[in-house]
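K.L.:
fold the following, please.
(one chain, ligands or ions: 3)
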Amino acid sequence: MIAFSSKSKKNQEASIILLTSSQSDKRLKRELEKGEIFPLLEGKSLVLFVGLGKSEKLTLTDLRIQVRRVFLSSFLKKVKDIELIPHTKDDAAIKAIIEGALIGPYVWDKYKSKDKDSHVVKDKNIIVLVDTKKEYEQTAAICEGVKLTRDLVNDNADFITSEYLEKTVKDLIKGHKEISVEILNKKELKAKGLGLHLAVNQASNKEPKLIIVSYQGGKKDEAYTAIVGKGLTFDTGGLNLKPSNHIETMKIDMSGAAAVCGILKNVLKLGIKKNLLFVLGIAENSIGSAAYKPGDVIVGYAGKSVEIGNTDAEGRLVLADAFSYVVKNYKPAKMIDMATLTGACVMALGFDYSGLFANNDELAKDLLASAEETDDRAWRLPIYAEIKEYIKSPIADLKNTSSIRGGGASTAAEFLHQFVGDTTWAHLDIAGTAFCEGQGRFYYGHGATGAGVRLLTNYLLK
Ligand code: BES
Ligand code: MN
Ligand code: ZN
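P.N.:
Ligands and ions are numbered 1, 2, ... in the order given. This is a model prediction of the structure:
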């Protein structure tokens, strides 16, 4: 729990005092080095001074990293009540500190045996000493959405099934009158002709699902903005089976859909005054005799036929049907999707920037501004008129793989582009950013990051 107060409560179990090198405290006899955590006992309460270094050199990312380090330090393991003293009036810095405290210490340890004698306090009461502002409450609320997304991504693929995601969405919207939901299961997907989505799920023993939540937070006649997520609960690659070192993390292939859940949670909590669609295209790309096959030609909801060049390029198939269905039946003015779509995007941008694609410069600009503001980073990559040549097929309207070797993130984005019609659209390829292998990066530890949640929630708040 986090709360904000302009007055110190005194006698907290612990206080954290953040100091740049130009700030001093009379209890300290010397300047702290950057990253130094200096503990002091005052009666029964623990005071932790944290050195931030020169303020000119301190980035907001740095600040989040330092706050995370304090919260993960052994000093605070058994402490429940903490006062956090930022010593700044800068809004951006205070928000970064809140995120450092709420996003930073997240650890996925559901399946780790707990040491019963250690009494580690996981849920802390944090009071941040600042002038209370609605914006700070918002920042804290958004971190809850990030947490939900991370929990969904980190858990086992056979636990976070399409059924589980449906239940998650239904639990979130329970009791909200401004909301309705449409769910297409295998039967409805068949009846309506979402052949691409069905093909991807064909070898799975789980139900494919297209979930569409309509949220009426805005004016009655205002057109929708659709937020769409790729929800591959596991991506084996299909008959073009992924090799070792590539298949192990593929439970994360529903990170787009998980981010949609996180954003939905935030939108409800913040009561955002817009009309929104939350769309989850859910399937499992499995192998077996029922699996769809390389060389197949499959017709989707838009009536376009697609030659399957590779069964591992499945995300674009599920999204193509989701886009066509939503565009035709809900006519959104804008559509933004998040998808762990291509390894090529990871090759191009690495793990710190999501790939952004758009058919509209204004939308791209707004999203890049939000990415910058939230530190949920994105970098624009191109799609252009001529690129559609590379996804042509001699035997179908389109092919799900490219005829050229490079630029795989762009050709995948162009495939999606073919299904948006006239809708203003942007696509975030979060293949690199959704998950940290190994030790983690920045203020994220190992596991899911919640990429896209802060970026899009902040965008919707504007
Ligand atoms: N889910 C993967 C993309 C991915 C790769 C996500 C690494 C996260 C980390 C996607 O379905 C995929 O397999 N894409 C293929 C496309 C190719 C066959 C055209 C890829 O990127 O290799
Ligand atoms: Mn794949
Ligand atoms: Zn995939």
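
K.L.:
helix or strand right after the longest helix along the chain?
P.N.:
Taking DSSP state H as the criterion, the chain has its longest helix at helix 134-154. Along the chain past helix 134-154, the next helix or strand (assigned with DSSP states H and E) turns out to be helix 162-173.

K.L.:
would you mark the buried spots in that following helix?
P.N.:
For helix 162-173, the buried set under the neighbour-count rule, 16 or more other Cβ atoms under 10 Å, comprises 162, 164-166, 168-169, 172-173. Using the backbone N, CA and C atoms, a C-beta is placed for each residue, glycine as well.

K.L.:
helix or strand right after that helix?
P.N.:
Sequence-wise, the next helix or strand downstream of helix 162-173 (DSSP H and E) is strand 179-184.

K.L.:
in that following strand, which residues are buried?
P.N.:
For strand 179-184, a neighbour-count test (16+ other Cβ under 10 Å) marks 179, 182-184 as buried.

K.L.:
need the residues of the stretch 251-400 of the chain near ligand 1, please.
P.N.:
Counting by Cβ under 6 Å from any ligand atom, the residues of the stretch 251-400 of the chain close to ligand 1 are 253, 310, 312-315, 340-344, 346.

K.L.:
format the residues you listed as CSV; extra columns: pLDDT and distance to ligand 3.
P.N.:
Shown next, in CSV, are those (pLDDT from 0 to 100; distance: Cβ to the ion, whole Å):
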residue, pLDDT, distance to ligand 3
Asp253, 99, 4
Asn310, 98, 11
Asp312, 98, 7
Ala313, 99, 8
Glu314, 98, 6
Gly315, 99, 4
Thr340, 99, 6
Leu341, 99, 7
Thr342, 98, 9
Gly343, 98, 9
Ala344, 98, 12
Val346, 98, 12
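
K.L.:
which helices and strands sit right next to the helix or strand containing Ala369?
P.N.:
Secondary structure assignment for Ala369, by DSSP H and E: helix 361-374. Judged by 3 or more Cβ pairs under 8 Å, 6 or more residues apart in numbering; DSSP states H and E, the packing partners of helix 361-374 are strand 334-339, strand 354-358, strand 378-380, strand 424-429, helix 453-461.

K.L.:
repeat that with 7 Å
P.N.:
If you count contacts as 3 or more Cβ pairs under 7 Å, 6 or more residues apart in numbering; DSSP states H and E, helix 361-374 packs onto strand 354-358, strand 378-380, strand 424-429, helix 453-461.

K.L.:
out of the ones you listed, which is the most enclosed?
P.N.:
Among those, ranked by average contacts under mean count of other Cβ atoms under 10 Å, first place goes to strand 424-429 (a mean of 27).

K.L.:
is any part of that one close to ligand 3?
P.N.:
No. Shown here: strand 424-429 not in contact with ligand 3 (Cβ under 5 Å from the ion), separated by at least 11.1 Å.

K.L.:
is there any residue in that strand that contacts ligand 2?
P.N.:
No. Strand 424-429 is not in contact with ligand 2 by Cβ under 5 Å from the ion; minimum separation 12.7 Å.

K.L.:
avg pLDDT for the helix or strand following that strand?
P.N.:
Going down the chain from strand 424-429, the next helix or strand is strand 435-436, by DSSP H and E. In this model, strand 435-436 has an average pLDDT of 98.

K.L.:
and strand 435-436, which strands flank it?
P.N.:
Using DSSP bridges, the strands paired with strand 435-436 are strand 447-448 (antiparallel).

K.L.:
any idea how far the partner strand is from the chain center?
P.N.:
How far strand 447-448 lies from its chain's middle: 10 Å, per Cα atoms, centre = their mean, to the nearest Å.

K.L.:
just stretch 9-17 next, same as before
P.N.:
Here stretch 9-17 is found 33 Å from its chain centre; the criterion is Cα atoms, centre = their mean.

K.L.:
same question, stretch 94-103
P.N.:
For stretch 94-103, the separation from the chain centroid amounts to 17 Å (computed by Cα atoms, centre = their mean).

K.L.:
same thing with stretch 126-134?
P.N.:
On the basis of Cα atoms, centre = their mean, stretch 126-134 sits 26 Å off its chain's mean C-alpha point.

K.L.:
hmm, who's touching that stretch?
P.N.:
By Cβ atoms under 7 Å, 6 or more residues apart in numbering, the list of residues contacting stretch 126-134 from outside reads 1-6, 8-9, 82-86, 94, 98, 101, 136.

K.L.:
inside helices: which ones of these?
P.N.:
Mapping the contacts of stretch 126-134 onto helices (DSSP H) picks out 94, 98, 101, 136.
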